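# return atomic coordinates for the entry below.
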Amino acid sequence: MKPNWSALFIFGFSLALASCGGGGGSGGGSTDGTTGETTNSSTGSVPNLGVNANLNGYRPFPADNAWNTPIDTAPVDPSSATLIASIGASKSFHPDFGADLGGEPFGIPYVVVPGTQAGVAMTFDYDDESDPGPYPIPPNPPIEGGASSSGDRHILVIDRDHHKLYETWDSHPNGSGWHCGSGAVFDLTSNALRPAGWTSADAAGLAIFPGLVRYDEVVLRGVVEHAFRFTVSHTRRAYVDPARHFASSDGSTNLPPMGMRVRLKSSFDISSYPAPAQVILRALKKYGMILADNGSDWYLSGAPDPRWDDDELNTLKNLKGDDFEVVKMGTVHSG
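Now for the predicted structure:
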């Protein structure tokens, strides 16, 4: 059942944005493919409108979607120790978002728009794997890294009333529309995956938005009920569901495939961490995080917000790779 988003509460705040290099998505995507349940997990909450807006408890995708499924009791993958070592057992964890990088908030921004937002024309480098336009990208949308960025330049747009998520990579204005490396559209009421072998605005063929750490969840609600997105520098030429695409030529089974899910070990003591960090750590234990892109090792993705306390977030850097374990994987697709 679709959530009731009929009421329009206009709220949002503009953020100047800066880049901090965790990601590196590429490719395009389709909303066709493997299907699943279409019962949305929202509690009926109505997201606000605007840049990095408060979703008021709304959780994208159905409750049984991979992003929203607890994995705290799932078995450990037999290759967990090898895979963790390949990323770096002694390397530090890194929150790739916050309030101040070079004087500006940083992370991957998003914007929530109403169903009346006009669509604009789209062109893509990877047009054979991108969902065609128009996309409801508003004027002056937030771009990852800012308007002059030379990085991934993701744009994430949530159409609140039509329950759609629009994501683009390498996004550049083109007349009254946009030219992007790739674009993908997700139905937020469905568990549909992309066709096997297809990517999205992220290398793994996944949506980006549902894996972000957001201020409204961590601080305002005090609970996170979904997995997070993270990156590593070297991946395998393979993927596991819910990912649909690999971004490597290295077939070594010692390397992690796209879509691999890790969780914080249940024995990890979080009691000395500040309250917001504890919220994130509890989610890492219950929902874990999904490998979505090539980038820096153990980089955790989140949305920028000037209200983040960076000192609190930086306590997460005390975590090491060895504090995590790989959740048992399903079929590994390599061709």
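# what residues sit buried inside stretch 176-186?
Residues of stretch 176-186 classed as buried: 177-186 (neighbour count, 16 or more other CB atoms under 10 Å). Every C-beta, even on glycine, is put in place using the N, C-alpha and C of the backbone.
# select from those every entry located in strands.
Of these, the ones assigned to strands by DSSP state E are 177-180, 182-186.
# ok, the residues you listed vs Asp128, which is closest?
Ser182 (10.0 Å; CB to CB).
# that closest one pairs with what?
Counting by DSSP bridges, Ser182 is bridged to Trp169.
# in terms of pLDDT, where does it sit?
According to the prediction, Ser182 has pLDDT 96.
# that one and Pro132 touch, don't they?
No. The pair Ser182 / Pro132 is not scored as a contact, 11.8 Å apart, by CB atoms under 8 Å.
# now do the helices in this protein.
Along the chain, counting by DSSP state H, helices occupy 80-87, 215, 275-286, 310-314.
# may I see the buried residues of the longest one?
Under the neighbour-count criterion of 16+ other CB under 10 Å, helix 275-286 has 276-286 buried.
# centre of the chain to it, how far?
Remark: helix 275-286 is offset 17 Å from the chain centroid, using CA atoms, centre = their mean, to the nearest Å.
# quick check: mean pLDDT of that helix?
For helix 275-286, mean pLDDT is 98.
# count of residues packed around the residue nearest to Asn314 when sequence neighbours are not counted?
Nearest non-adjacent residue to Asn314, counting by CB to CB, 6 or more residues apart in numbering: Pro95, 7.3 Å away. The tally of other residues near Pro95 (other CB atoms under 10 Å) stands at 26.
# repeat that for Asp202.
For Asp202, the count of nearby residues is 31 (other CB under 10 Å).
# does it touch Asn294 like I think?
No. In this structure, Asp202 is not within contact of Asn294 by CB under 8 Å, at 10.2 Å.
# distance check, the residue lying farthest from the centre of the chain against Val240.
Largest separation from the mean C-alpha position in the chain: Gly175, at 28.5 Å (CA atoms, centre = their mean). To Val240, Gly175 is 40 Å away according to CB to CB, to the nearest Å.
# same question for Val51.
33 Å.
# let's see stretch 172-183 as CSV, backbone CA atoms only.
Output in CSV follows, covering the C-alpha atoms of stretch 172-183 (Å, rounded to 0.1, in the frame of the first residue of the first chain):
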residue,chain,number,x,y,z
HIS,A,172,25.7,19.0,-15.6
PRO,A,173,23.2,21.7,-16.7
ASN,A,174,22.3,21.5,-20.3
GLY,A,175,20.1,24.3,-21.5
SER,A,176,16.8,24.0,-19.6
GLY,A,177,17.6,20.3,-18.8
TRP,A,178,20.6,18.2,-17.7
HIS,A,179,23.3,16.1,-19.3
CYS,A,180,24.5,13.3,-17.0
GLY,A,181,26.7,10.2,-17.1
SER,A,182,23.7,8.1,-16.1
GLY,A,183,20.3,8.3,-14.5
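# outside of that stretch, which residues touch it?
25-29, 120-126, 129-131, 133-135, 137, 153, 155, 166-171, 199-201 (CB atoms under 8 Å, 6 or more residues apart in numbering).
# same question for stretch 277-284.
By CB under 8 Å, 6+ apart, the surrounding residues in contact with stretch 277-284 are 95, 213, 217-219, 222-228, 263-264, 268, 270, 273, 312-313, 315-316, 324.
# ok, now with 7 Å
Residues outside stretch 277-284 that contact it (CB atoms under 7 Å, 6 or more residues apart in numbering): 213, 218, 222-224, 228, 263-264, 270, 273, 312-313, 315-316.
# now the residues you listed as a markdown table including distance to Tyr299 and neighbour count?
Putting the contacts of stretch 277-284 into a markdown table (distance: CB to CB, whole Å; neighbours: other CB atoms under 10 Å) gives the following:
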| residue | distance to Tyr299 | neighbour count |
| --- | --- | --- |
| Val213 | 11 | 29 |
| Val218 | 17 | 23 |
| Gly222 | 24 | 12 |
| Val223 | 23 | 11 |
| Val224 | 18 | 20 |
| Phe228 | 11 | 23 |
| Arg263 | 17 | 24 |
| Leu264 | 15 | 23 |
| Ile270 | 20 | 14 |
| Tyr273 | 19 | 18 |
| Glu312 | 18 | 19 |
| Leu313 | 13 | 23 |
| Thr315 | 16 | 18 |
| Leu316 | 11 | 21 |
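# so which of the residues you listed sit within strands?
228, 263-264.
# of those residues, which is the nearest to His162?
For the ones in strands among the contacts of stretch 277-284, the closest approach to His162 (CB to CB) belongs to Phe228, at 25.9 Å.
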